[in-house]
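> coordinates only, no sequence provided:
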């Protein structure tokens, strides 16, 4: 299974704005809050996808929004 991470945000408002931007493009998002050495980060992700090809397609849409897209394997 694959997910596309759009970013990890210290500011929950930035995470929300990014989610809205991605969802307006037709992709479902979810968040994961991680405790890091620098404090809490809200990770904005899309997926999961069954194949790398599906994740690549979603990453292309995200990059088209001028957002970063990192494909991760779960």
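Structure's in. What do you need? All values reported here derive from a predicted model rather than from experimental measurement.

> any idea how far stretch 24-40 is from the middle of the chain?
7 Å (C-alpha atoms, centre = their mean, to the nearest Å).

> ok, residues contacting it?
For stretch 24-40, contacts defined as C-beta atoms under 8 Å, 6 or more residues apart in numbering pick out 6, 8, 10, 15, 19, 22-23, 41-46, 58, 61-62, 64-65. Glycine gets a C-beta too; all of them are placed from N, C-alpha and C.

> residue 10 and residue 40, how far apart?
7 Å (C-beta to C-beta, to the nearest Å).

> I meant to write residue 65 there.
Taking C-beta to C-beta, one finds residue 65 at 25 Å from residue 40.

> please flag which of the contacts of stretch 24-40 sit within helices.
With helices defined by DSSP state H, the entries of these inside them are 15, 19, 22, 23, 58, 61, 62.

> and the pLDDT at the fourth one?
Meaning residue 23. The score at residue 23 is 98. That number is its pLDDT.

> for it, which non-adjacent residue is spatially closest?
Spatial nearest neighbour of residue 23, excluding adjacent residues (C-beta to C-beta, 6 or more residues apart in numbering): residue 29 at 5.7 Å.

> what does residue 55 give?
residue 2 (3.8 Å).

> how much space separates the one you found from residue 52?
Counting by C-beta to C-beta - residue 2 and residue 52 are separated by 6 Å.
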